[in-house]
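[1] can't give you the sequence, but here's the structure:
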Ligand SMILES: Nc1nc2c(ncn2[C@@H]2O[C@H](COP(=O)(O)OP(=O)(O)O)[C@@H](O)[C@H]2O)c(=O)[nH]1
Ligand SMILES: [Mg+2]
């Protein structure tokens, strides 16, 4: 992907309407402080487009980043921050649910899990939720640089098992520090984008065939009418 532009285009609060556009969306979910903003910045080669924070749980918004005027990254609100009230927690839940349920252009959901820790109850709930909405989440195991090489396989296993992932479920270890995993994530996004025109083509093929057959029918009727007329 050649990055030509990236900008934060829309910030949605609880009662905001989500933007209405036809471009494919890729959403990022995960508990606050897991490294969502850092991942988005790394993918976009930007230092601080998505604000990283030392104050987790502050942003309870859904942020839409327009990339190349062709696709969107959607930064979902971080969950699981202990210091927010129950009503705040309900708010993020409703927002995420509303988004997952309503987006018609959402292509892929990435769920971020800190590779150092076993998934929490909130992580599992989020994973199930994404599945329930009909999406197969790709897991990004963040902060890979914080582990020794020898610890990685064990932690990957812990994340997989903790979430109850399917055997063929995708997990990409990632580090915003070393940028490991960046190419793999872009590859997934690009593959997903490449599928779009085919789907569109398939959707378009139907009416085209119909039009053709209608035209043929009209021709045939005209011919019949004409030949009938000649016979008289
Ligand atoms: N070592 C390391 N630190 C990271 C990584 N990703 C994020 N962080 C740090 O973790 C904190 C939270 O990151 P942020 O991207 O704001 O998380 P968010 O709340 O999920 O958006 C910040 O201090 C980041 O610098 C990573 O891959 N490696
Ligand atoms: Mg963030």
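    Sure thing, it's come through. Predicted model, so just to flag it, every value in this text is computed and none were measured. Numbering: from 1, shown residues only. Ligands and ions are numbered 1, 2, ... in the order given.

[2] Apart from its chain neighbours, what residue comes closest to residue 73?
    residue 65 (4.2 Å; CB to CB, 6 or more residues apart in numbering). No exception for glycine: its C-beta is placed from N, CA and C like everyone else's.

[3] Could you look up the SS state of that neighbour?
    strand (DSSP: H, G, I helix; E, B strand; the rest coil).

[4] In this structure it contacts residue 51, no?
    No - applying CB atoms under 8 Å as the test, residue 65 and residue 51 come out as separate, 11.8 Å apart.

[5] Helix, strand or coil: sort out the residue of the chain found nearest ligand 2 for me.
    Closest contact between the chain and ligand 2, by CB to the ion, is at residue 37 (3.4 Å). Under three-state DSSP, the three-state class of residue 37 is helix.

[6] ok, the closest residue in space to it that isn't next to it in sequence to ligand 1 distance?
    Nearest residue to residue 37, sequence neighbours excluded (CB to CB, 6+ apart): residue 50, at 3.8 Å. To ligand 1, residue 50 is 7 Å away according to CB to the nearest ligand atom, to the nearest Å.

[7] State the pLDDT value of residue 50.
    With respect to pLDDT, residue 50 scores 87.

[8] again, but for the one 3 residues further on
    In the predicted model, residue 53 carries a pLDDT score of 63.

[9] circling back to that earlier point, which of residue 65 and residue 51 has more neighbours?
    Using other CB atoms under 10 Å as the criterion, residue 65 and residue 51 rank with residue 65 on top: 23 against 13.

[10] per-residue pLDDT, that one?
    96.

[11] So, low pLDDT: which residues of the chain?
    53-59, 81-84, 196-222, 224-226, 228-232 (pLDDT under 70).
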